[in-house]
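here are the coordinates; sequence isn't available:
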């Protein structure tokens, strides 16, 4: 009888040890998953901020060119004298200025794009 009790105690202790190891592995997997999800959230937040800034720049760019285009149309020579220049700037959608001119007005844009 004594040997049977020893055998039960040994098996019980072995099972407890396996349970502790399993629980530790489960906690590690959970921590790893949380870390991975936190990294994904951070990356998505950065991307979201970048996209919002991009949309803001595009909207400001569009408003600026819309306003400038209206002024240009009022002061422009008749359409027959310069059809090629108008077609070129309107087909491109961005005019003939450099792309850097938009980002220079928003210093936060270049800071986000560098990351």
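Nice, I can see it. On a predicted model such as this, the values are computed, not experimentally measured, just so you know.

only C-alpha atoms for contact and neighbour calcs from this point on.
OK.

tell me what the helix or strand where residue 38 lies is packed against?
Per DSSP states H and E, residue 38 falls inside helix 2-75. If contacts are counted by 3 or more Cα pairs under 8 Å, 6 or more residues apart in numbering; DSSP states H and E, helix 2-75 sits against helix 100-103, helix 107-114.

lowest average pLDDT across the ones you listed?
Mean pLDDT values for those show the minimum at helix 100-103, a mean of 48.

got a list of what residue 51 touches?
If you count contacts by Cα atoms under 8 Å, 6 or more residues apart in numbering, residue 51 has none.

mind pulling the model confidence for it?
pLDDT, residue 51: 98.

got it, and residue 42?
98.

contacts only, for it.
With Cα under 8 Å, 6+ apart, residue 42 has no contacts at all.

lowest confidence element among the helices and strands of this protein?
In the chain, no helix or strand scores lower on mean pLDDT, DSSP states H and E than helix 83-92, which sits at a mean of 43.

any idea how far residue 2 is from residue 11?
From residue 11 across to residue 2, the span is 14 Å (Cα to Cα, to the nearest Å).

repeat that for residue 64.
In terms of Cα to Cα, residue 64 sits 92 Å off from residue 2.

also residue 14?
In terms of Cα to Cα, residue 14 sits 18 Å off from residue 2.

between these two, tell me which one has more neighbours.
The residue with more neighbours, out of residue 14 and residue 2, is residue 14; 12 against 7, by other Cα atoms under 10 Å.
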